[in-house]
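S.K.: Here is a sequence together with a model predicted from it:
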Amino acid sequence: MATRNPVSVLELPQQLSFRLPGFQGREGRFIFIPISPGRRGRGSPQNMGMRTCHIRRPKCSVFLQPRWRSTLNAAVPPKTQSNRKLLIGTAIGAVGVGFGLYSYFSLSESKQKHTTGVALTEKLDYTRNDNIVDIKPSREISGPATGIGLDLTLYQYQTCPFCCKVRAFLEFYGIPYKIIEVNPVMRQQLKFSKYKKVPILIAGDKEASKKHQLNDSSVIISILGTFLEDISFGLDSVLKYYVPVAYINEDGKEVEEVMNKYFLMFGDKYKENADTYLKKERQWRKWADSVFVHVLSPNIYRTYDEALQAFNYFSEVGEWEKNFSTIERFIVIYVGATAMYFVGKRLKKKHALKDDVRESLYDTCRQWMKEIGSKKKFMGGDMPNLADLAVYGMLSSIEGCSAFQDLLKNTNIGPWYYNVKEAVVNHHGYQKLKL
């Protein structure tokens, strides 16, 4: 009997050589990875004692998850004379959505995209039983899915597109969670973590006897998506299938990546005929992280007037009136808008966008809508899938900006966007859960 072709393929950086306990290999060859029996990934072979995976050149780098730095709702220390300058510098340097993209991509993405190096080890270190600061949540989000048995806290920036993506997932399934806004410069809320980017999700059981720290929006969504397939399997067991691999990159720095971060693990519920659908879902989740997100920031800072309008929008949704004095808020909006206008120009050049960056925004959205087609309501069919939630979440981060209004006028993305929004707000995904 012919064996099933493996679909859960680990996509590693080009020319990545590695030697780990239990397996070794090189791009273009086969490796064998010992895994625990009884749990299968999407399309993984039936022999669960050993799994054969083919290492191939990825169409996109595995390091597709930029970490967006913005400052909305950032925690503010007491307004003493000694810290006012710090607050102003903090806001100017970090509130802009575009600045977060620029700082991350310019320092990290270009290096990660062509990373070569030697893997060191697998690190399964999600558990955090101490050192997490007890901070009062900025707010709590309710939902009907109280029976999943998890206590979730999201560390975030309000208009970060990757944080928006995680929130879209949680609210689509009606999962209750707490939000802690992070100060983007001091980041005192993240003292417990070596990982200093958002989003971070702390997931604990209801008894709070154990807490897990989940990093990276796509990893968070894949882990929770797998967990929701069968909550009886337990979060501890699910985490074993998302092991970060640590290795030394070409700059001699140790980095970690979850190589299968776009895969869900279905176990015995996996269906053979779902391969094409699931592959497409993964493809467009990657596209959201590696293509779509790049066109957002240059568009909201395209002109000075648009940058100013964007900062006023950020002030509104971020409740800056509660966090800054009148003069501080004034400086943040006007000086910040000026700075981000020039940053937007650099981002345009870096990502080779068209002279009119609106056209690049329109093109990416038209590409997305063309893939959905006229016969489907969502990429997922009658119900949004993870790709729908990813693109919607990112796009929602600029909903109050003029770029978003221009997008609605010049493309046909509006009906899809508001259909997904309705599904998220009304927790349509909760219907799919078996609690």
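M.R.: Arrived safely. Numbering: from 1, shown residues only.
S.K.: Could you count how many residues lie near residue 389?
M.R.: 31 (other Cβ atoms under 10 Å). The C-beta positions use only the backbone N, C-alpha and C, and glycine is treated the same way.
S.K.: Would you check how far apart the nearest residue to it once chain neighbours are set aside and residue 396 are?
M.R.: What sits nearest to residue 389 in space, not counting adjacent residues and going by Cβ to Cβ, 6 or more residues apart in numbering, is residue 168, at 4.8 Å. Distance from residue 168 to residue 396, counting by Cβ to Cβ, to the nearest Å: 7 Å.
S.K.: Between these two, which is the more surrounded one?
M.R.: Per other Cβ under 10 Å, whichever of residue 168 and residue 396 has more neighbours is residue 168, with 27 against 20.
S.K.: Now do the helix or strand the more buried one falls within: everything it contacts.
M.R.: Assigned by DSSP states H and E, residue 168 belongs to helix 161-172. Helix 161-172 is contacted by residues 65-68, 97, 141, 143, 152, 154, 156-157, 177, 198-199, 201, 217, 220-221, 224-225, 288, 293, 296, 384, 386, 389-390, 392-397, 420, 423-425, 427-429 when judged by Cβ atoms under 8 Å, 6 or more residues apart in numbering.
S.K.: Same question for stretch 228-235.
M.R.: Here stretch 228-235 makes contact (Cβ under 8 Å, 6+ apart) with 39, 148-150, 173, 203, 205, 212, 223, 227, 264-267, 269, 433-435.
S.K.: Show the buried residues in these.
M.R.: By neighbour count, with 16 or more other Cβ atoms under 10 Å, the contacts of stretch 228-235 hold 39, 148, 150, 173, 203, 212, 223, 227, 264-267, 433 as buried.
S.K.: For those, could you give me TSV that also reports secondary structure?
M.R.: Formatted as TSV, the buried ones among the contacts of stretch 228-235 follow (DSSP: H, G, I helix; E, B strand; the rest coil):
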residue	secondary structure
39	coil
148	helix
150	strand
173	coil
203	strand
212	strand
223	helix
227	helix
264	coil
265	coil
266	coil
267	helix
433	coil
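S.K.: can you map out the helices along the stretch 101-250 of the chain?
M.R.: For the stretch 101-250 of the chain, the helices defined by DSSP state H, counting those that start in this stretch occupy 110-112, 161-172, 217-229, 235-239.
S.K.: Could you report the separation of the residue nearest to residue 389 from residue 358?
M.R.: 24 Å.
S.K.: again, but for residue 244
M.R.: 38 Å.
S.K.: next one: residue 260
M.R.: On the measure of Cβ to Cβ, residue 260 and residue 358 end up 36 Å apart.
S.K.: Point out where the stretch 101-250 of the chain drops to low pLDDT.
M.R.: Within the stretch 101-250 of the chain, the stretches falling below the threshold (pLDDT under 70) are 101-125, 128-131, 133, 183-186, 207-208.
S.K.: And the strands in it?
M.R.: Ranges of strands in the stretch 101-250 of the chain, per DSSP state E, counting those that start in this stretch, are 118-122, 139-141, 150-156, 177-181, 200-205, 211-215, 245-248.
S.K.: Just put the ones you listed in JSON lines and tack on distance to residue 330.
M.R.: Shown next, in JSON lines, are the strands of the stretch 101-250 of the chain (distance: least, Cβ to Cβ, whole Å):
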{"stretch": "strand 118-122", "distance to residue 330": "49"}
{"stretch": "strand 139-141", "distance to residue 330": "26"}
{"stretch": "strand 150-156", "distance to residue 330": "26"}
{"stretch": "strand 177-181", "distance to residue 330": "21"}
{"stretch": "strand 200-205", "distance to residue 330": "32"}
{"stretch": "strand 211-215", "distance to residue 330": "36"}
{"stretch": "strand 245-248", "distance to residue 330": "45"}
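S.K.: nearest to residue 315, of those?
M.R.: strand 177-181 (14.3 Å; Cβ to Cβ).
S.K.: now that closest one against strand 150-156, angle please.
M.R.: With axes from the mean of the first three to the mean of the last three Cα atoms, to 10 degrees as the basis, strand 177-181 and strand 150-156 are set at 20 degrees to each other.
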